[in-house]
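Asker: the following comprises the amino acid sequence and a computationally predicted model.
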Amino acid sequence: MKRVEIIAVGNELLIGDVLDTNTNWLCRRLTMMGAFVRRAVLVRDDEDAIAHEVQGAISRGTDLLFTSGGLGPTDDDRTVAAIAKAFGRSLVLNEQALRMVEQRYRELYEQGFVDSPEITPPRRKMAMLPEGAIPLFNPVGTAPGVWFDAGNIIVVCLPGVPAELKGIFEQSLPPYL
């Protein structure tokens, strides 16, 4: 039985502006799959706080760590950088993730949802992954999820938007799980 922990990231969760339904949904799905979810925590959009929680999960012998939130293009989206920091890895441009982001922005531009398909620095940020990580296609939004096998623990980073989290979990993640 896999030992699982969940870190839900977002200031909006801690000030009560947004209800964290993602953790409940993940707990139910993972438990149905036979995993043992032994801990879930909410943290602010703070790189050090996220990295601290990741290091705690490692020290507790967690097999599989899920994060939700903090994958987008804004400055406060720091989850992926915190994962890299926790493992002493560099953030590198992942070409596969970049192609995913480019494709989504082209589609959104063609549908009239964004003014430009250009890959701006904030958009490019979503393709920066910890060295050795694998991007997970996001069938709903723009930020790819992340699969990171660090040897003693696997980290799965999912977006905080519930439809995006569920889309990646149900469509892109199964081959890895």
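Answerer: Perfect, thanks for sending it. Numbering: from 1, shown residues only.

Asker: mind listing what the residue nearest the centre of the chain touches?
Answerer: The centroid of the chain falls nearest to Cys157 when counting by Cα atoms, centre = their mean (2.3 Å). For Cys157, the contacting residues are Phe66, Thr67, Gly70, Leu71, Thr79, Val80, Ile83, Gly145, Val146, Phe148, by Cβ atoms under 8 Å, 6 or more residues apart in numbering. Any C-beta I mention is one placed from the backbone N, CA and C, and that applies to glycine too.

Asker: other SSEs contacting the longest helix seen in the chain?
Answerer: Determined from DSSP state H, the single longest helix within the chain is helix 95-110. Here helix 95-110 is seen to pack against helix 121-125, strand 134-136 when contacts are counted using 3 or more Cβ pairs under 8 Å, 6 or more residues apart in numbering; DSSP states H and E.

Asker: for Phe169, which of these is the nearest?
Answerer: Among these, strand 134-136 comes nearest to Phe169, with 9.0 Å by Cβ to Cβ.

Asker: tell me the spacing between Ala97 and Gly72.
Answerer: 13 Å (Cβ to Cβ, to the nearest Å).

Asker: more neighbours: these two, which one.
Answerer: Comparing Ala97 with Gly72 by other Cβ atoms under 10 Å, the one with more neighbours is Ala97, at 26 against 20.

Asker: give me the local confidence score for the more buried one.
Answerer: Looking at Ala97, its pLDDT is 98.

Asker: hmm, Met126 and it touching each other?
Answerer: Yes: Ala97 lies in contact with Met126 (Cβ atoms under 8 Å); the separation is 7.1 Å.

Asker: shared neighbours, these two?
Answerer: By Cβ under 8 Å, 6+ apart, the residues touching both Ala97 and Met126 are Pro144.

Asker: please identify the deepest-packed of the helices and strands packed on helix 95-110.
Answerer: The highest mean neighbour count among the helices and strands packed on helix 95-110, using mean count of other Cβ atoms under 10 Å, belongs to strand 134-136: a mean of 21.

Asker: what's in contact with it?
Answerer: The contact list for strand 134-136 (Cβ under 8 Å, 6+ apart) reads 94, 96-97, 100, 127, 129, 144-148, 156, 168, 172-173, 176.

Asker: neighbouring strands for it, and are they parallel or not?
Answerer: strand 145-149 (antiparallel) (DSSP bridges).

Asker: got the buried residues for the partner strand?
Answerer: Gly145, Val146, Trp147, Phe148 (16 or more other Cβ atoms under 10 Å).
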